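*Asks:* Fold the following for me, if possible:
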Amino acid sequence: MVDLGTKPETKIKLETPVIHLSKSEIIKKGIELKAPLHLTWSCYQNEDEACGVCDSCAFRLRGFQQAGIEGPIQYTLKASYL
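*Replies:* Purely as a prediction, here's the structure:
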């Protein structure tokens, strides 16, 4: 689609280095690289405090749990099935 939507002389390469990693592997890599994970956001519901129950929050919480790392942000609620 990039080729169809740009001029022929435009050379764009899409790279997705973490696409084949699990959420917990991405979190571990973030820790290893000293990424500011406390600044990352996944919530679909809220903008001021993550809800903790939407699919995105649950996926993020599960990733931190599986990585054995405490999540760095506050949640309104935490999904009960975690």
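
*Asks:* Now do the contacts for residue 72.
*Replies:* The neighbourhood of residue 72, defined by CB atoms under 8 Å, 6 or more residues apart in numbering, consists of 37, 38. Backbone N, C-alpha and C define where each C-beta goes, glycine included.

*Asks:* going forward can the numbers begin at 29, since that is how I track them
*Replies:* That works, and once the first residue is 29, the last one we named lands at residue 100.

*Asks:* In terms of pLDDT, where does it sit?
*Replies:* Per-residue pLDDT puts residue 100 at 93.

*Asks:* Mind naming the longest helix for the protein?
*Replies:* Criterion DSSP state H: the longest helix present in the chain is helix 83-95.

*Asks:* If you drop the residues flanking it in sequence, what lies closest to residue 91?
*Replies:* On the basis of CB to CB, 6 or more residues apart in numbering, the spatially nearest residue to residue 91 that is not a chain neighbour turns out to be residue 51, at 3.0 Å.

*Asks:* swap that for residue 74, sorry
*Replies:* Closest residue to residue 74 apart from its sequence neighbours, by CB to CB, 6+ apart: residue 104 at 6.9 Å.

*Asks:* Next: residue 55.
*Replies:* On the basis of CB to CB, 6+ apart, the spatially nearest residue to residue 55 that is not a chain neighbour turns out to be residue 95, at 4.5 Å.

*Asks:* any idea how far the one you found is from residue 70?
*Replies:* With the distance defined as CB to CB, to the nearest Å, residue 95 ends up 15 Å from residue 70.

*Asks:* the helices in this structure, which residues?
*Replies:* For the chain, the helices defined by DSSP H occupy 30-33, 51-60, 83-95.

*Asks:* Name the stretch among the ones you listed that sits most buried.
*Replies:* Ranked by mean neighbour count under mean count of other CB atoms under 10 Å, the helices of the chain are led by helix 83-95, which reaches a mean of 18.

*Asks:* Just want the angle from that one to helix 51-60.
*Replies:* With axes from the mean of the first three to the mean of the last three CA atoms, to 10 degrees applied, the angle from helix 83-95 to helix 51-60 works out at 70 degrees.
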